[in-house]
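Participant: Need coordinates for the below:
(3 chains)
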Amino acid sequence: MRKSASAIAVHGILILYTALALFPILLVIMNSFKARKAIFGSPLALPTPTTFSLIGYDRVFGDSSIVSYYLNSITVTGGTIFFTLLFGAMAAWALTEYKFRWNTLLALFLAVGIMVPIRLGSVSIIQLIVELNLINTLTALILVYTAQNLPLSIFILSEFIAQIPKDLREAGRCDGLSEYSIFFYIVLPLIRPAMATVAVFTMIPVWNDLWFPLLLAPTGGKQTITLGIQQFLGQYITDWNAVLSALSTAIIPVLILYVIFSRQLIRGLTSGAVK
Amino acid sequence: MADAKAGAGNAIVGMGRGSYAMLLAFFLGPAVVIYTVFSIYPLFATIFNSLYLRQPDGAYLFNGLGNFQTLLTDTTWSVPFWNAFRNNCYFFFIHMLVQNPIGLALAAMLSLPRLRLRATYRTLIFMPTMLSVVIIGFSWQLILSPLWGISKMFLNALGLGFLFAPWLGQESTALITVSLISVWQFVGIPMILIYTALLAIPEELIDAATVDGLNQFQAFVWVKLPLIFPTIGLVSVLTFVNNFNAFDLIYAMKGALAGPNFSADIMGTLFYRTFFGNQLQLGDLSMGSTIATMMFLIILVGVMCYLFLIQRRMQRYSF
Amino acid sequence: MLKTGLKTMLLTAVAMTAFASVASAGKITIESWRNDDATIWKEKIIPAFQAKHPDITVEFTPTAPKEYNAALNARLEGGTAGDIITCRPFDASLELFTKGHLASLNDLSSMAGFSDVAKSAWTTDDGKTTFCVPMASVIHGFIYNKDIFAELKLAEPKTEEEFLAVLETIKNDGKYVPLVLGTNDQWEAATMGFQNIGPNYWKGEEGRKKLIDGTAKLTDPEYVNTFAALAKWGPYMGDGYKAQTYPDSQNLFGLGKGAIYAAGSWDISTFRGQDVPMGAFKAPPPAGSADCYISDHTDIGIGMNAKSANAADAKVFLDWIGSDEFANIFANALPGFFPLSSAKVTISDDVAQTFVGWRGECKSTIRNSYQILSRGTPNLENEMWNVSAQVLNGAMAPDAAGAQLQDGLKKWYAPQQK
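Facilitator: Numbering: from 1, shown residues only, chains lettered A, B, ... in the order given. Predicted coordinates for the structure are as follows:
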């Protein structure tokens, strides 16, 4: 009896907090399907047949580049996650597993990057990208974001790799596996949950960043969706139909992506070889 | 950790020096190269710039630590600097006092055994964290906007209409309001980190505790909480680093002058304004780099405190 | 920063090759903060240019006004900025010229069509070099909703006293927001408030020049009285105006919920898209004024990136910007931006005509913080945003506002230190 009462309390709190987390998002999405007068007149009402309107979406998708902006964002975010995880895991493995002279110093050197404010080196970064002839390319963004995310990735993955029972690694070595095989076939699968966490942490700021797309790839159809939406908002700032539709257009795919990704995360967490 | 390394050392005894170097180069090479070129080099270029002062004719003259002296002693610079620093500390405290306890509480509830709809809650609560600050800032501005009147309607419905105020526009409430919006957005991060740590605790420990007659709450406080101290330490230091790097949300909602009367100005907005300029204010590479270097030092001190004072002590207790 | 010489060489070499392919295509890009006008550039202005010059392609790539200066500076430093640069007036652009980012345009033939006054915002202090083609000025005043004025039987106020009486009537009626202006974004407080009504107090150019030569101070009665006039607006502004943003204000008036809108002439084109019947009146002078003054501010020019790989095409384009054809297209496509060329331009929009008509009735001046006085730290323009917003919020007394501005200016500006 007491158990079910506390379960109800827990659900009550969680439902309240979930409502708080979702209310602003739902409000924006809901109102994006309404006509202008209804947005201002009754903002909390659901769209009805009389107030329903897609005029904002007409304006957003009238700008045909929106779809290609999505592809740009997916490429940049995907590329960054891939390189951050691969190179990050490799470095974390070497730093925790192998003894060499500069080990501690190198670990400290890599940790500095966790603290580097992202915009401090902007001017030098632009100059570098120009030198490499990568301006207005998605490669430039992937390189900069990978560099920015590697330190945290190494930091988190090292903690997890250090927790892998040494028997597992030693067993591999006894079976005559090379160090490379041990890493790719034993270690990588074991740190999947940690990699899922790192992927989430990498994905959010990269997908949402406005600053580097603005400086490194602002034109020529290479805009990311965040920048594209920002430019769109600037242009239609007083047209709330367009603004709310643009915001919803930016929100909905992220949510879909996240729901798919969230499954991975759960699977990673529950398969839990790491305890 | 130490014996793990020793074990590895034994295993690769048979390996030649050359192939051992190859091995290290293979694993460390890509990360170190990309990181050094695109992150460390630009950072050093910035610190280097803070030692130079721009002359009226556009040339840069070596100025030693003169820029730092100006920043900390000349009232033109020191008043905004300390104001931004103080505001940034408030910003951080609000996150520590609101964001992290809420994150911990949510994680604790989510990790309760036999909780139904666990994945749904977690996915939904994490959602705001996924969205761009452009979207969050804009949406909240609309919600709090006196023009649209949503928040007023809401308070009226609860019979609290008299509480309504233009929170984002008042000197006394602007910073708190922006901080709470930031908390709202990022509470998912401590939640998910602590949740992951809680899941990693072996169930036998909890079972043993319950057998000893502790209820779930007591089991959480006395058994689980001490075990996740390292994670809470990690969450705190991440919060510190993120808060002292923060910029986007305040810039999106309050602009580069972060008003009224700079009441929401933090290090990030001060740096941006100084480095890149504003309407008629010209960008100042030297002073901008000086502020950036100060931000770097503040964060460095914070992280060092964590590494040497907190993390060391904790490792002794972790399992 | 390290190995500077080698790096610069590499940089230039790479930049040249990077842009070489683009250059051969005869393509130029325009940097601008006018993202509101992107559609008009794409649909009207650029096609008109290409009808004359089919071999040159033009791309208009605006950045949001808030980010424009920062992003442009970074791109210029990095060598990735577009060929054509839209110029802010006075010191911001002068800085770009002295740094070598903007090219001199003295040899541009269409430059002859502009008066010295028009060119002054983009000319070096010695008057020798002009680096941007003047495009347009903007005029301050008040736009009102004709229907609301008719409903409440109100007439356009001619003096400050009448202005406050009109606001009081609208407030007592209670259906509409009397004065649409917000302080969240701060710049409107200074620009639509202080700089809008101020010239009547400090006698336009006369007062502005006195500040520059140090014979007047911001603590003088003309400035304190301007702030005192602003301080009276608070009760008539919308509920929660302290958190009201600029787009909020535009919506409030555009939806017909507000009676009077503290305006810049550029707002006309925003409201043209919404069915608000508009009229306009100029800043009402205080009692006892003999003359009237308006803020007629040289606001937008257009210049050339000194490192443009397409200099020849860019100059052809700039020459066209200086032509009568452009002035006519621009003035009518964007009512509220008034061309600065000496060409005879017919403006068809009636509200825009009202604004430009004030030039014949009153003396024109530019915003007093723009020339010379915002060169140092603390920046006078930033300070004006801050104190004007605070005065409107009722958080600062008028004399304290003047004192803070004067203290800041005195810190670095020699003529004010005497």
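Participant: what does whichever strand or helix holds A:W207 rub up against?
Facilitator: Per DSSP states H and E, A:W207 falls inside helix A:192-208. Helix A:192-208 is touched from outside by A:73, A:76-77, A:80-81, A:84-85, A:88-89, A:145, A:149, A:152-153, A:156-157, A:159-160, A:188, A:224-226, A:254, A:261, A:264-265, A:268-269, A:271-272, A:274, B:129-134, B:189, B:192-193, B:196, with contacts defined as C-beta atoms under 8 Å, 6 or more residues apart in numbering or on different chains. For glycine as for every other residue, the C-beta is placed from the backbone atoms N, C-alpha and C.
Participant: Repeat that for stretch C:42-50.
Facilitator: Contacts to stretch C:42-50, defined as C-beta under 8 Å, 6+ apart, come from residues C:I56, C:T57, C:V58, C:F60, C:F317, C:W320, C:E325, C:F326, C:I329, C:F330, C:A333.
Participant: So which of the residues you listed sit within helices?
Facilitator: Filtering the contacts of stretch C:42-50 for membership in helices, criterion DSSP state H, returns C:F317, C:W320, C:E325, C:F326, C:I329, C:F330, C:A333.
Participant: Of the residues you listed, which is the most crowded?
Facilitator: Within these, neighbour counts (other C-beta atoms under 10 Å in any protein chain shown) peak at C:F330, which reaches 25 neighbours.
Participant: doesn't C:A136 make contact with that residue?
Facilitator: Yes. Using C-beta atoms under 8 Å, C:F330 makes contact with C:A136 at a distance of 6.8 Å.
Participant: between the two, what contacts are shared?
Facilitator: Shared contacts of C:F330 and C:A136 (C-beta under 8 Å, 6+ apart): C:F337, C:P339.
Participant: how about TSV for the contacts of stretch C:42-50, with pLDDT and distance to A:I125 added?
Facilitator: As requested, the contacts of stretch C:42-50 are exported to TSV (pLDDT from 0 to 100; distance: C-beta to C-beta, whole Å):
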residue	pLDDT	distance to A:I125
C:I56	93	32
C:T57	92	29
C:V58	92	29
C:F60	89	26
C:F317	95	31
C:W320	94	36
C:E325	90	42
C:F326	92	37
C:I329	91	39
C:F330	91	37
C:A333	90	38
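Participant: Tell me where chain A has helices.
Facilitator: Using DSSP H, helices in chain A cover A:2-31, A:36-41, A:55-62, A:66-97, A:103-115, A:122-131, A:138-163, A:166-174, A:179-181, A:188-190, A:192-208, A:211-216, A:225-235, A:240-271.
Participant: quick one on the thing from earlier: and chain A, which of the contacts of stretch C:42-50 reach it?
Facilitator: Here nothing survives when those are matched to chain A using C-beta under 8 Å from any C-beta of the partner chain.
Participant: Save those as a markdown table, and put in distance to C:Y201 too.
Facilitator: Formatted as a markdown table, the contacts of stretch C:42-50 follow (distance: C-beta to C-beta, whole Å):
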| residue | distance to C:Y201 |
| --- | --- |
| C:I56 | 48 |
| C:T57 | 49 |
| C:V58 | 44 |
| C:F60 | 39 |
| C:F317 | 41 |
| C:W320 | 41 |
| C:E325 | 40 |
| C:F326 | 36 |
| C:I329 | 37 |
| C:F330 | 32 |
| C:A333 | 35 |
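Participant: Stretch B:15-25 close to chain A?
Facilitator: Yes. Stretch B:15-25 lies within reach of chain A by C-beta under 8 Å from any C-beta, at B:M15, B:Y20, B:L23, B:L24.
Participant: How about the residues of chain B by chain C?
Facilitator: Residues of chain B lying close to chain C by C-beta under 8 Å from any C-beta are B:45, B:48-49, B:58, B:76-77, B:141, B:144-147, B:164-171, B:254-257, B:259-262, B:272-273, B:275-284.
Participant: whoops, I mixed them up, chain A
Facilitator: A:40, A:122-124, A:126-127, A:129-133, A:135-136, A:214-215, A:218-219, A:230-231, A:234-235, A:237-238, A:240.
Participant: Filter the residues of chain B next to chain C down to the buried ones and express that as a PyMOL selection.
Facilitator: Command for PyMOL that selects the buried part of the residues of chain B next to chain C, burial taken from 16 or more other C-beta atoms under 10 Å in any protein chain shown:
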select buried, chain B and resi 45+49+77+141+144+145+146+147+164+165+166+167+168+169+170+171+254+255+256+257+259+260+261+262+272+273+275+276+277+278+279+280+281+282+283+284
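Participant: Among the residues of chain B next to chain C, which lie within helices?
Facilitator: Applying DSSP H to the residues of chain B next to chain C, the entries found in helices are B:A45, B:F48, B:N49, B:T76, B:W77, B:Q141, B:L144, B:K254, B:Y272, B:R273, B:F275, B:F276.
Participant: Which ones among those also lie next to chain A?
Facilitator: Checking those against chain A (C-beta under 8 Å from any C-beta), the matches are B:A45, B:Y272, B:F275.
Participant: burial measure for the closest residue to chain B within the stretch 151-275 of chain A, as a count.
Facilitator: Nearest to chain B, among the residues of the stretch 151-275 of chain A, is A:N208, at 3.7 Å (C-beta to the nearest C-beta). Residues within reach of A:N208, counting by other C-beta under 10 Å, total 23.
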